[in-house]
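A.B. asks: What shape does this take:
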Amino acid sequence: NATTTFFGTYQFDNLPSGHDWRITPSRTSTDLCGIDAEDIAIIGDYLLGDYSEITSAYARLATDADESGTMNTLDLIEIQKFILGFSTGFTTNWRFVDADFTFPPPSSISGVNYAYPSTISHENLTQNALEDDFVAVKIGDINCSYDNSCDESDESCGFDCRTDIIPSVALCPAEFTGDQ
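C.D. replies: Numbering: from 1, shown residues only. Got it, this is the predicted structure:
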């Protein structure tokens, strides 16, 4: 296992050469950082036909709280329940996408059902793999309002918000598991 640094870097030490490896990131924080009523309003507007604020595949992924593959009222309800304290989060509060992956155009206005790589695999790894990066997507944070000062973890976080591409990129500690 490895944990990212403040800058999002990670490394596995002393891996035996010549083996197959799969890297799987995860983050388990269940805080409300960045998830608020404005996110609910944006999803509601989208469901009513205003597509101006959810324009990227990452933003669509952030809306899919129930992991159904579509944006619908159930996602809105799940996020609202989390904000109101009626739930402790979602099945997965963070999703990770291989940074080299390019999402295809959506098949429908409400479609989120993308097959995206959430792990990176290497066969017969014999050298450093320095380009293995992931994009972290915080589920429910549609408007990019994440602020690490309210994060429950004791770790400090860097933050890069590029609303034209993704709702939020949090350079917060994530666990990486490498398995053979």
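
A.B. asks: Which residue would you name as the spatial centre of the protein?
C.D. replies: residue 137 (1.9 Å; CA atoms, centre = their mean).

A.B. asks: Tell me the secondary structure of that residue, please.
C.D. replies: Following DSSP: H, G, I helix; E, B strand; the rest coil, we place residue 137 in the strand state.

A.B. asks: wait, doesn't it sit right on residue 94?
C.D. replies: Yes: using CB atoms under 8 Å, residue 137 makes contact with residue 94 at a distance of 6.7 Å. Glycine gets a C-beta too; all of them are placed from N, C-alpha and C.

A.B. asks: who does the lengthiest strand in the chain touch, helix- and strand-wise?
C.D. replies: Across the chain, the strand with the greatest residue count (assigned by DSSP state E) is strand 19-26. Counting contacts by 3 or more CB pairs under 8 Å, 6 or more residues apart in numbering; DSSP states H and E, strand 19-26 is packed against strand 94-98, strand 120-125, strand 175-179.

A.B. asks: Mean pLDDT lowest where, among those?
C.D. replies: If these are sorted by mean pLDDT, strand 175-179 sits at the bottom with a mean of 56.

A.B. asks: Now do the end-to-end distance for stretch 126-137.
C.D. replies: One end of stretch 126-137 to the other measures 30 Å (CA to CA, to the nearest Å).

A.B. asks: go on, stretch 58-77?
C.D. replies: Stretch 58-77 has an end-to-end distance of 20 Å (criterion: CA to CA).

A.B. asks: before we move on, back to that, for the longest strand of the chain, the averaged confidence score.
C.D. replies: 83.

A.B. asks: Can you point out the buried residues in that strand?
C.D. replies: 21, 23, 25 (16 or more other CB atoms under 10 Å).

A.B. asks: just stretch 46-56 next, same as before
C.D. replies: Under the neighbour-count criterion of 16+ other CB under 10 Å, stretch 46-56 has 46-47, 53-54 buried.
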